[in-house]
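# Sharing a sequence plus its predicted fold:
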Amino acid sequence: MNTLNAAPSRVVDDKSPICIPFILDRLAAHQQTSPNKPFIIGLNGVQGVGKTTLVKALSDTLSSRSGHRTLVVSIDDFYLTHADQLTLAGNHPDNALVQHRGEPGTHDLALLKSFFDGLLTGQPVRVPAYDKSAYNGLGDRTAESTWTPLNGPGQTPVKVIILEGWCVGFRALDPADVERLWSAPSRTLHSHKLEHLLLINEQLRGYDAITDMFDAFIHIDAEDTEYVYEWRLQQEAQLREERGKGMTDEQVIKFVDAYYPAYELYADGVRKGVLRDRPGCRS
């Protein structure tokens, strides 16, 4: 099933009627075959496409209809600590893709995997929290004492997990395919050296350990991923009008340019399916 968003002036939730029945069906099948194993959903969508709206509707429905405690967690909460991000940036000083958080390789995969391993075995875990405003916007992980505990004594076990994020489900390409895309006309890939893109691509291979855990996957697509520029411009204009602050149009373009190379490299792979012959839902 496939419904695509054009460039709207406001978000319309045309996704829930498609994706919620699909997920409920997959959850029911999962409970028949693996009743003691938590059900894990990966959810990916370009920024501004309405991902937050769908996640809330999906979470609310799963909690009310299935009766299972449902957890929504963002891959953003698993960014490297400020110190580790500085180390990564320092190790590759001429690679603009890793100077700030965002691209594959700037997440703490060991923490992410241990978190999911704990959930899958019903062990007590804590949900990390990340403060994007720390260090003048560079960001840092908060103290562990502030993290939300799960699966502890007296707590209802988590049975459904939604991992959402703009790069969730991306899979690395063959290096020859990265070079082919880099050599073709593109919006942002030519702004970076091939070896810098290959570094991101190699880092992305580590994310397979998480993607392979998904029992279902949702990708919220757009007719053209470049709509993300217009959507972000609209969001920031609204912020400036309502709060008197927000990025300028020039800052928005620079911000989106920083992560858009990953869309140009990996969006087609997500559209083809990331679960390797297992069911997925793309909307």
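Sure, I can see it.

# which ones are touching R126?
E144, W147, T148, P149, L150 (CB atoms under 8 Å, 6 or more residues apart in numbering). Glycine gets a C-beta too; all of them are placed from N, C-alpha and C.

# doesn't V127 make contact with the third one?
Yes: between T148 and V127 a contact is recorded at 4.3 Å, counting by CB atoms under 8 Å.

# higher neighbour count, these two?
V127 (17 against 11; other CB atoms under 10 Å).

# helix, strand or coil for I40?
strand (DSSP: H, G, I helix; E, B strand; the rest coil).

# so what's it scoring on pLDDT?
With respect to pLDDT, I40 scores 97.

# in which helix or strand would I find the residue nearest to N95 when sequence neighbours are not counted?
Computed as CB to CB, 6 or more residues apart in numbering, the closest residue to N95 that is not its neighbour in sequence is H196, at 4.3 Å. According to DSSP states H and E, H196 maps onto helix 194-204.

# which secondary structure elements does that helix contact?
helix 175-183, helix 249-272 (3 or more CB pairs under 8 Å, 6 or more residues apart in numbering; DSSP states H and E).

# Now render the ones you listed as JSON lines, adding distance to R232 and mean neighbour count.
Output for these, formatted as JSON lines (distance: least, CB to CB, whole Å; neighbours: other CB atoms under 10 Å):
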{"stretch": "helix 175-183", "distance to R232": "23", "mean neighbour count": "14"}
{"stretch": "helix 249-272", "distance to R232": "5", "mean neighbour count": "17"}
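
# between those helices, which one is nearest to A29?
helix 249-272 (22.8 Å; CB to CB).

# Include mean pLDDT when you put the helices and strands packed on helix 194-204 into CSV, please.
Below are the helices and strands packed on helix 194-204 laid out as CSV (pLDDT from 0 to 100):
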stretch, mean pLDDT
helix 175-183, 98
helix 249-272, 91
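
# and those helices as TSV, adding distance to Q123?
What follows is the helices and strands packed on helix 194-204, written out as TSV (distance: least, CB to CB, whole Å):
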stretch	distance to Q123
helix 175-183	38
helix 249-272	31
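
# Which one of those lies nearest to Y79?
Per CB to CB, nearest to Y79 of the helices and strands packed on helix 194-204: helix 249-272, 12.9 Å.

# Just the strands from the protein, written as ranges.
Remark: strands assigned in the chain by DSSP state E are 39-45, 69-74, 125-127, 130-131, 140-141, 148-150, 158-164, 216-220, 281-282.

# No more questions from me, cheers.
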